[in-house]
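Undergrad: The sequence isn't on hand, but the structure is:
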């Protein structure tokens, strides 16, 4: 009997972003409508909502396929994902004109400027969050689904 381990790995991977991203979009839209924030935040959320769940699922499938040869813990495997997503996202946003990189920081939608000194600790925090999410949530889903 074929138990479809890669399908189960994909489903375990998409679980977290499928729950979190719509909640974030709701919060951002409420902030924009109620607080009248002029930055089109919802436009910046549409692309991640389409790509991130699939990327999480594919990343979990990659972990499942490579785990026997690499023996990489799932938390560490998950923490590598932002190292790939951040430069790719910045490249796409820069090419679309949504993000402008200056010598002192980044400007989103020509309205919100963030210095690199502020971006760095948030990126380190994102690495830690990804590590914990992958270690405890995705890893436990993998165990429940019998693929870990």
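TA: That came through fine. Values in this document were obtained by computation on a predicted structure and should not be read as measured data.

Undergrad: Next, the residue at minimal distance from the centre of the chain: secondary structure please.
TA: Centroid check for the chain by CA atoms, centre = their mean gives residue 52 as the closest residue, at 5.4 Å. Assigned by DSSP: H, G, I helix; E, B strand; the rest coil, the conformation of residue 52 is helix.

Undergrad: Identify the residues contacting it.
TA: By CB atoms under 8 Å, 6 or more residues apart in numbering, the contact set of residue 52 is 17, 21, 85. The C-beta positions use only the backbone N, C-alpha and C, and glycine is treated the same way.

Undergrad: The first one reaches residue 56, doesn't it?
TA: Yes: at 5.2 Å, residue 17 counts as touching residue 56 under the criterion of CB atoms under 8 Å.

Undergrad: And those two? Which one has more around it.
TA: residue 56 (24 against 20; other CB atoms under 10 Å).

Undergrad: Can you give me the distance of the more buried one to residue 16?
TA: Residue 56 sits 7 Å away from residue 16, going by CB to CB, to the nearest Å.

Undergrad: Mind listing the shared neighbours of these two?
TA: Residues touching both residue 56 and residue 16 by CB under 8 Å, 6+ apart: residue 138.

Undergrad: give me the low-pLDDT residue ranges for this protein?
TA: For the chain, applying pLDDT under 70 flags the ranges 1-2, 39, 41-43.

Undergrad: all strands of it, in order?
TA: 99-101, 105-108, 112-115 (DSSP state E).

Undergrad: want to throw the ones you listed into TSV with mean neighbour count and distance to residue 36?
TA: Below are the strands of the chain laid out as TSV (neighbours: other CB atoms under 10 Å; distance: least, CB to CB, whole Å):
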stretch	mean neighbour count	distance to residue 36
strand 99-101	15	23
strand 105-108	16	17
strand 112-115	12	14
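
Undergrad: Reformat those strands as TSV; add distance to residue 91.
TA: Shown next, in TSV, are the strands of the chain (distance: least, CB to CB, whole Å):
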stretch	distance to residue 91
strand 99-101	9
strand 105-108	13
strand 112-115	17
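
Undergrad: Of all those, which one comes closest to residue 125?
TA: Minimum separation from residue 125 across those (CB to CB) falls at strand 112-115, 14.2 Å.

Undergrad: How far off centre is that closest one?
TA: Mean-position distance between strand 112-115 and its chain equals 20 Å (CA atoms, centre = their mean, to the nearest Å).
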